[in-house]
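>>> sequence unknown, structure follows:
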């Protein structure tokens, strides 16, 4: 039997790995484009495959509200509903309940909240989250957790983390109690407190889950805090299991986290930035709405080989944006996802070649440098 | 030298033809998707090619306002700006000036109007329209005309038509006075009056333009009026020149016009309908927003071979529409354009086979029948 996760090479703390899931193989470190409502915004599945995306993320919270599990179940699962053949990781709904839903009431059983769609009362518990993710047919289901606010006192972070750990146990037991194509990952919480993070990890290790995520980061904390938490936590995580840093982040954040041993990432940044006219380039992020691009016949990034940069100019993309043309969002999304997925491919190659630390130093220095003209 | 237009076969008044233009060949009867702002909304050029589109329409009025001819000229022409390698027909701006612009002042020289974008005063004359279309690099440029309102008195329709004919002469002379990759088509006006239509055609024949369009229809007149105008006018148009019915229309309108000898069509209907959730099917137009589609796992049209119908359900398309997902507009546009372009391919095949009249009878009877459940 194939292992869920193989570490193919290491370079310092960085790992070159391979995840073998129900719907296919994911080479790590990997970035997961976010497909909130059963579509990575503006993209077809075929375009995502062509860009090299091997796994996408779906949102339990959004999908249970629209279109609802009954509709998706009628199609078989989320893969068939959205026509995506490769793996899917679904979040648990926990983060969205705590960041999006109004009038939420939390108790030991779970959470009740008002749907932001129609105001109806909705209930989400560890067991319901597992049922929904099983219906979605997720290759990787995530434990339902209580997301710790930032900043939090030690006492508040501890109470929240301990609830998440009790819920993680219920998730494991409920997920095991029924057929599912996927595997369940636990989520380490504990805010910015090293002792709580270690206690959370210990609790999850007792559950013997096949993969572990780091939650509660990228919630507004300074970069130095985030890196400190990773440096304290990740070395204690089992080397044989995949490690997923949830919701991170900028390209430089990803490089920093890979340096510290993280394997999986997701973030709305490339797709959301694209729709707002912010495009990633080797010289920094440009805003295509700026007037300086009005007559610029050069591509977004002359060093980029993506479909957008091969065929269109900055002036054309700016024109599409000004006219609110759908093609503008499409071409920008293709470019930004190419930027992220190409970065991941380079990261993997440098780890395999054993020169990732040097690559990371150069990359981080370039991103920090104000030298390149950024408009 | 290749002729601009070859009539390959006739079947009654219907013609199977071939237009040979600067950027390629167009098999007729042909439908031109509308690319107002240098993009057929929601589509890439490659997707249009895959659907079989051989020519698209661009809008002089819109493109001269945004991004302006200077930006397009910096890229070479509209083909290079929008990365479309096949032929482009551009309208003259006349129709838009008369239907969209506020505070327009018309005199013998041309028209002044306030830009709907920024309120600036803009001038458009036969000469300016020709210059813009030359800069766009259009394969087919259209004469700048004064569009007759519907309804109009005979006197008003005559005054408007006669101005259009004087402007057509200026267009021809100005277009001939400079290099251009394309050819200029004249536009027959005259409202619903047969004598004025004949006088307009006579005036254009004297200019010896290589193609002729029928303007001033699809402006709100009853279908019977439109068909009467075509039946009176088209037989008098030279058989050797291509005939373009501007702005028409529904699938059944296209079949009716082909029966009467028309070769070229354009209409925003398939693309605009798509973005509003109206999808063409062999059983009639459905509104994907209707609740009846909420759990429907079947495709939009089981008899359709398009990318959308091969891979997604009505329930998925409805879900995308409810969530305002860009992919919803994309998949609906692909489906509707496939419907139109597939219809044109069937029309061409039936004319070549000599059984177009029977096909048209059956098609029109099916479209008129209330039998199929339309939701």
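Good, I have the coordinates. Just so we're clear, the structure is a prediction, and the values are computed from it rather than from any experiment.

>>> going on from the helix or strand bottoming out on mean pLDDT in chain A, what's the next piece of helix or strand?
In chain A, no helix or strand scores lower on mean pLDDT, DSSP states H and E than strand A:102-106, which sits at a mean of 82. Sequence order places strand A:111-114 as the next helix or strand after strand A:102-106, per DSSP states H and E.

>>> hmm, who's touching that next one?
Strand A:111-114 has contacts (Cβ atoms under 8 Å, 6 or more residues apart in numbering or on different chains) with A:97, A:101, A:102, A:103, A:104, A:105, A:120, A:121, A:122, A:123, A:124, A:125. Quick note: C-beta positions are derived from backbone N, CA and C, even for glycine.

>>> Now which of these would you call buried?
Buried members of the contacts of strand A:111-114, counted by 16 or more other Cβ atoms under 10 Å in any protein chain shown: A:97, A:101, A:122, A:124, A:125.

>>> just to revisit the earlier point, may I see the contacts of strand A:111-114 organised as CSV, with distance to residue B:306 added?
Formatted as CSV, the contacts of strand A:111-114 follow (distance: Cβ to Cβ, whole Å):
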residue, distance to residue B:306
A:97, 39
A:101, 38
A:102, 41
A:103, 44
A:104, 43
A:105, 47
A:120, 36
A:121, 41
A:122, 36
A:123, 40
A:124, 38
A:125, 42
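
>>> Among these, which one sits closest to residue B:115?
In terms of Cβ to Cβ, no member of those lies closer to residue B:115 than residue A:102, at 43.1 Å.

>>> For that closest one, name its beta-bridge partners.
On the basis of DSSP bridges, residue A:102 is bridged to residue A:114.

>>> roughly how far apart are it and residue A:64?
Noted for residue A:102: a distance of 17 Å to residue A:64, by Cβ to Cβ, to the nearest Å.

>>> Quick one: residues contacting the residue nearest to the spatial centre of chain A.
Central residue of chain A (Cα atoms, centre = their mean): residue A:266, 1.5 Å from the mean position. Contacts here follow Cβ under 8 Å, 6+ apart; on that basis residue A:266 touches A:31, A:32, A:33, A:34, A:57, A:89, A:244, A:246, A:247.

>>> run the last query once more with 6 Å
Neighbouring residues of residue A:266 by Cβ atoms under 6 Å, 6 or more residues apart in numbering or on different chains: A:32, A:34, A:57.

>>> next structured bit after the helix or strand residue A:157 falls within?
In this structure, residue A:157 sits in helix A:154-176 according to DSSP H and E. Per DSSP H and E, the first helix or strand lying C-terminal to helix A:154-176 is strand A:183-188.

>>> Check which helices and strands the helix or strand just after that following strand sits against.
For strand A:183-188, the succeeding helix or strand toward the C-terminus, using DSSP H and E, is helix A:194-207. If contacts are counted by 3 or more Cβ pairs under 6 Å, 6 or more residues apart in numbering or on different chains; DSSP states H and E, helix A:194-207 sits against helix A:154-176, strand A:183-188.

>>> and which of the contacts of strand A:111-114 is nearest to chain B?
residue A:120 (15.3 Å; Cβ to the nearest Cβ).

>>> Skipping adjacent residues, who's closest to the closest one in space?
In space, and not counting its chain neighbours, residue A:120 is closest to residue A:114: 7.2 Å by Cβ to Cβ, 6 or more residues apart in numbering or on different chains.

>>> So for the one you found, what's the pLDDT?
pLDDT recorded at residue A:114 is 91.

>>> Please apply the same query to residue A:1.
48.

>>> next one: residue A:371
For residue A:371, the predicted pLDDT is 46.

>>> what do you get for residue A:236?
Looking at residue A:236, its pLDDT reads 98.

>>> Give me the distance between the closest residue in space to it that isn't next to it in sequence and residue A:195.
Spatial nearest neighbour of residue A:236, chain neighbours left out: residue A:201 (5.8 Å); criterion: Cβ to Cβ, 6+ apart. Counting by Cβ to Cβ, the gap between residue A:201 and residue A:195 amounts to 11 Å.

>>> Near the closest residue to residue A:22 other than its chain neighbours, how many other residues are there?
In this structure, residue A:22 finds its nearest non-sequential neighbour in residue A:181, 4.1 Å apart by Cβ to Cβ, 6+ apart. Number of residues near residue A:181 (other Cβ atoms under 10 Å in any protein chain shown) recorded here: 17.

>>> What of residue A:73?
Neighbours around residue A:73, by other Cβ under 10 Å: 15.

>>> Output the below-cut-off pLDDT ranges for the stretch 51-200 of chain A.
A:101 (pLDDT under 70).

>>> So which of residue A:201 and residue A:195 has more stuff around it?
Higher neighbour count among residue A:201 and residue A:195: residue A:201, with 22 against 11, using other Cβ under 10 Å.

>>> roughly how far apart are that one and residue B:34?
Residue A:201 is 59 Å from residue B:34, by Cβ to Cβ.

>>> Equivalent analysis for residue A:93, please.
Distance, residue A:93 to residue B:34, using Cβ to Cβ: 42 Å.

>>> neighbour count winner among these two?
Per other Cβ under 10 Å, whichever of residue A:93 and residue B:34 has more neighbours is residue A:93, with 29 against 20.

>>> Next, the buried residues of the helix ranked longest in chain A.
Selection of the longest helix in chain A by residue count, based on DSSP state H, yields helix A:326-353. Buried positions in helix A:326-353, judged by neighbour count with 16+ other Cβ under 10 Å: A:326-344, A:347-348, A:350-351.

>>> So residue A:286: helix, strand or coil?
strand (DSSP: H, G, I helix; E, B strand; the rest coil).

>>> For it, name its beta-bridge partners.
residue A:279.

>>> Next, count neighbours for it.
Residue A:286 has 22 nearby residues by other Cβ under 10 Å.

>>> again, but for the one 3 residues further on
Residue crowding around residue A:289 was assessed by other Cβ under 10 Å; the count is 13.

>>> hang on, it packs against residue A:279?
No - at 10.4 Å, residue A:289 and residue A:279 do not qualify as touching, with contact defined as Cβ atoms under 6 Å.
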